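K.L.:
Model the following, please.
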Amino acid sequence: MPMLPSRHYVSDHALFIKDLIAKQPDLPQQQAEGRRIFWDKTPAQVGERATMDEGRVEQTAYVYQTK
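P.N.:
Numbers count the residues shown, from 1 in each chain. From the prediction side, this is the model:
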């Protein structure tokens, strides 16, 4: 019969996160704000990025090579 993990076991990582959130209760809110800045984009912003990418000039394989 295999050994089953204890039901009351809490990993070191989980303890660290609980302790961190206890010390900084506004941390989840800060994480949400950071996510909004870098990841949560509207379709208009994504379309604007695609338009900017169309004007991008391809870079050569070795930038410092003289022609």
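
K.L.:
low-confidence ranges in the protein?
P.N.:
Low-confidence segments of the chain, defined by pLDDT under 70: 1-2, 5, 67.

K.L.:
where along it do the helices fall?
P.N.:
12-23, 27-38, 43-54 (DSSP state H).

K.L.:
helices or strands up against the second one?
P.N.:
Taking 3 or more CB pairs under 8 Å, 6 or more residues apart in numbering; DSSP states H and E as contact, the helices and strands that helix 27-38 lies on are helix 12-23. No exception for glycine: its C-beta is placed from N, CA and C like everyone else's.

K.L.:
who touches the helix it packs on?
P.N.:
The set of residues external to helix 12-23 that reach it, using CB atoms under 8 Å, 6 or more residues apart in numbering, is L27, P28.

K.L.:
Okay, angle between that helix and helix 27-38 too, please.
P.N.:
Counting by axes from the mean of the first three to the mean of the last three CA atoms, to 10 degrees, helix 12-23 lies at 100 degrees to helix 27-38.

K.L.:
Helix 12-23: how far from the chain's middle?
P.N.:
Put simply, helix 12-23 sits 19 Å off its chain's centre (CA atoms, centre = their mean, to the nearest Å).

K.L.:
i'd like the first residue to be 23 from this point on
P.N.:
Shifting the count to begin at 23 puts that one at helix 34-45.

K.L.:
Any idea how many residues pack against L49?
P.N.:
13 (other CB atoms under 10 Å).
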